[in-house]
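Trainee: attaching a predicted model along with its sequence, questions to come.
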Amino acid sequence: MSRPQVSGLESDPPWWHGAVIYQLYVRSWRDSDDDGYGDLRGIIERLDHLSWLGVDAIWLSPTMPSPDADWGYDVSDYTGVHPELGTLADLDELIAQAGQRGMRVLLDLAPNHTSSAHPWFADAASGRASAHRGYYVWADAGPDGGPPNNWLDFTGRPAWRWHESGQYYLHNFLAGQPDLNWWEPAVHREFARILEFWFERGVAGFRIDVANGLYKDAELRDNPPLDSPNPMDGAYGLRFVYNTNRPETHGVYRDWRKIADNYSPERLLLGETWVPDAQRLAAYYGDDDELQLGFNFPFAFARLDPARLAAIVEQTLAALPPGGCPVWMGSNHDLGRFPSRWCGGDERTIRLALLVLATLPGTSVLYYGDEIGMTDVDVPVALRRDRATLDVNADAARDRARTPMPWDGSPGGGFTGPGVTPWLPLADPSSPPDRALPAPGGTIPPNPPADRTVAGQRDDPGSVLSLCRRLLALRRAELGGGLAGLENLAVTDGVWAYRAGPLVVAANFTGQPAEMPAAAGEVLLTTSAGQAPPSPGVLRPWEGVIARPA
């Protein structure tokens, strides 16, 4: 099937069509003041790396003031900067410095809930007659004196917390993250002001946390039993029906889109759209009047299987409205890193996955460290910082994908100063992969291995980093920055070949040689280390190539 990924906008597409967006976990990028935590000044110090790599925009993990029960996703002030990360002046400088390098800055916005430390909730909790009581979801006890319904939070515990003011309040996440009540018009007005505040400071847009979760069922009906194995349909035995994906949520994004479109260039709304299929994802794009981009979680959760990936891509392109731009990612701060989840740490497979992410039509999102093949770190329970996953196994603990960026082989890995213990551990190169560094106050961390650092890979033409940079340069030069259409040429159990605009992409997902598609001519790039030319007509095991048509 051949279908342009953007129709009707080719002459003057918005900046994010085909862009490469880089998700940057602020606390783990670069510590500029040697306190063990990354910060905004540290980002400014290393912007040249992103410019050199070929990134178009940076999405920052939460930067707003917060008690950090959920590391910034529990916001206590929507128009400030967390003092541990920097100041408004630092953020302004970051936006300006990034702009000078041709990059835009996106912030993370959490409109589904606030922190219980937010002044709105402090007032709401003071009594039923308080001015902000209606900002949150409150309910009387059920007939048995317990919670109003059977909803569970994302840890599997009841989503209701009894409050001394005489009612339960809803928290679909941690108890310190009370859900906002989007049936309340004042909440809409507050967020319109928040968007305008940041847009006027030069923020290019927002990644919207829990974008599909704002409205809750007005009658607070029980969720039905889960009857699907798909993790995006529900959890803990219940289907997500009444506490998320409510139809009224679309009206919020139609209103926000009008605000975003009032700015020049128009601002981006990128949603964390936690939905199980392409049709429901497309609904959040509306008639090109809601979100401009929505994350494709079925793609991110899929195995690195060519038939499955090709089917998801084709379904997505068919479902999006005219002008709709897909967005592809393999890693993020919740899901873990694709070099571990998809690739099992195998470098050949990591290279292949990067080729696919760089050549699919639409917008690509890289997570910090993807460009060097950074894998998850098995953080011991004693060193974990994510309260929500302290009682889960290492494969589900979110800290594993939030560890510091290894910049070089110096003490502290170039992330922090010599002798400073980072907030989360770097991997210990002298131990097996499931080991991590000692707890704060322990021995000085060993230096990271050079071949797993930015400095160690930057000047090595055979490194993952060098491959990633070549991929992004070729994407910009030959694929119109990712705006080209896609046509599947061959999809088998082990090989995926497709046309990406004027070029042919072929990827061998097996440990055996495979036949090169007949449509492939001159090879422009191979994922094989050292850029060794492929054998005529043959793809080596776990090799991907980009070629001109034969």
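Mentor: Here it is on my side, so go on. Note that the coordinates shown come from a computational prediction; the quantities given were computed from them, not determined experimentally.
Trainee: what ranges of the stretch 1-150 of the chain fall below the confidence cut-off?
Mentor: Low-confidence segments of the stretch 1-150 of the chain, defined by pLDDT under 70, are located at 1-11.
Trainee: where do the strands sit along it?
Mentor: Using DSSP state E, counting those that start in this stretch, the strands of the stretch 1-150 of the chain run over residues 2-3, 20-24, 57-60, 104-109, 138-139.
Trainee: any chance of those strands in TSV, with distance to D460 too?
Mentor: All C-beta spots, glycine's among them, are computed from the backbone N, C-alpha and C. Formatted as TSV, the strands of the stretch 1-150 of the chain follow (distance: least, CB to CB, whole Å):
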stretch	distance to D460
strand 2-3	38
strand 20-24	21
strand 57-60	25
strand 104-109	30
strand 138-139	58
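Trainee: may I see those strands arranged in a markdown table, with mean neighbour count as well?
Mentor: Converted to a markdown table, the strands of the stretch 1-150 of the chain look like this (neighbours: other CB atoms under 10 Å):
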| stretch | mean neighbour count |
| --- | --- |
| strand 2-3 | 12 |
| strand 20-24 | 24 |
| strand 57-60 | 24 |
| strand 104-109 | 23 |
| strand 138-139 | 18 |
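Trainee: quick one: which of the ones you listed is nearest A520?
Mentor: A520 lies closest to strand 2-3 among those, at 17.1 Å (CB to CB).
Trainee: follow-up on the earlier one: nearest to G286, of the strands of the stretch 1-150 of the chain?
Mentor: With CB to CB, the closest approach to G286 among the strands of the stretch 1-150 of the chain belongs to strand 104-109: 18.6 Å.
Trainee: now do the closest one: distance to the chain's middle.
Mentor: Using CA atoms, centre = their mean, to the nearest Å, the mean C-alpha position of strand 104-109 is found 12 Å from that of the whole chain.
Trainee: each with direction, which strands does that strand pair with?
Mentor: Strand 104-109 has the following sheet partners, assigned by DSSP bridges: strand 57-60 (parallel), strand 205-208 (parallel).
Trainee: kindly export that strand (C-alpha atoms) in CSV.
Mentor: Included here for strand 104-109 are C-alpha records, laid out as CSV according to Å, rounded to 0.1, in the frame of the first residue of the first chain:
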residue,chain,number,x,y,z
ARG,A,104,12.9,24.0,19.6
VAL,A,105,12.0,23.2,23.2
LEU,A,106,8.9,21.3,24.4
LEU,A,107,7.8,21.1,28.0
ASP,A,108,5.9,18.3,29.8
LEU,A,109,2.4,19.3,30.9
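Trainee: which residues does the most centrally placed residue in the chain contact?
Mentor: Against the mean C-alpha coordinate of the chain, by CA atoms, centre = their mean, the closest residue is N332 at 4.2 Å. Contacts were defined as CB atoms under 8 Å, 6 or more residues apart in numbering; by that measure N332 touches 23, 300, 365, 367, 401.
Trainee: try it again with 10 Å
Mentor: If a contact means CB atoms under 10 Å, 6 or more residues apart in numbering, then N332 has 23, 25, 59, 61, 207, 272, 295, 297, 300, 338, 365, 367, 398, 401 as its contacts.
Trainee: of those, buried ones?
Mentor: Under a neighbour-count criterion of 16 or more other CB atoms under 10 Å, the subset of the contacts of N332 counted as buried comprises 23, 25, 59, 61, 207, 272, 295, 297, 300, 338, 365, 367, 398, 401.
Trainee: how many neighbouring residues does H163 have?
Mentor: Using other CB atoms under 10 Å, H163 is surrounded by 15 other residues.
Trainee: with F301 instead?
Mentor: One way to gauge burial is a neighbour count; for F301, by other CB under 10 Å, it gives 15.
Trainee: re earlier: okay if I get the strands paired with strand 104-109 as a markdown table plus distance to S535?
Mentor: Compiled in a markdown table, the strands paired with strand 104-109 are given as follows (distance: least, CB to CB, whole Å):
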| stretch | distance to S535 |
| --- | --- |
| strand 57-60 | 39 |
| strand 205-208 | 43 |
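Trainee: of all those strands, which lies closest to R469?
Mentor: Each of the strands paired with strand 104-109 was scored for nearness to R469 using CB to CB, and the closest is strand 57-60 (16.5 Å).
Trainee: against L281, how distant is A318?
Mentor: Noted for A318: a distance of 12 Å to L281, by CB to CB, to the nearest Å.
Trainee: give me the more crowded residue out of the two.
Mentor: Just comparing A318 and L281: by other CB under 10 Å the higher neighbour count belongs to L281, 28 against 12.
Trainee: phi and psi next, for the more buried one.
Mentor: Torsion angles at L281 (phi, psi; degrees, to the nearest 10) stand at phi -60, psi -50.
Trainee: go on, V75?
Mentor: The phi/psi pair for V75 (degrees, to the nearest 10) reads phi -80, psi 140.
Trainee: that one: what's it in contact with?
Mentor: Under the criterion of CB under 10 Å, 6+ apart, the contact partners of V75 comprise 62-67, 82, 108-111, 113-115, 117-118, 177, 194, 209.
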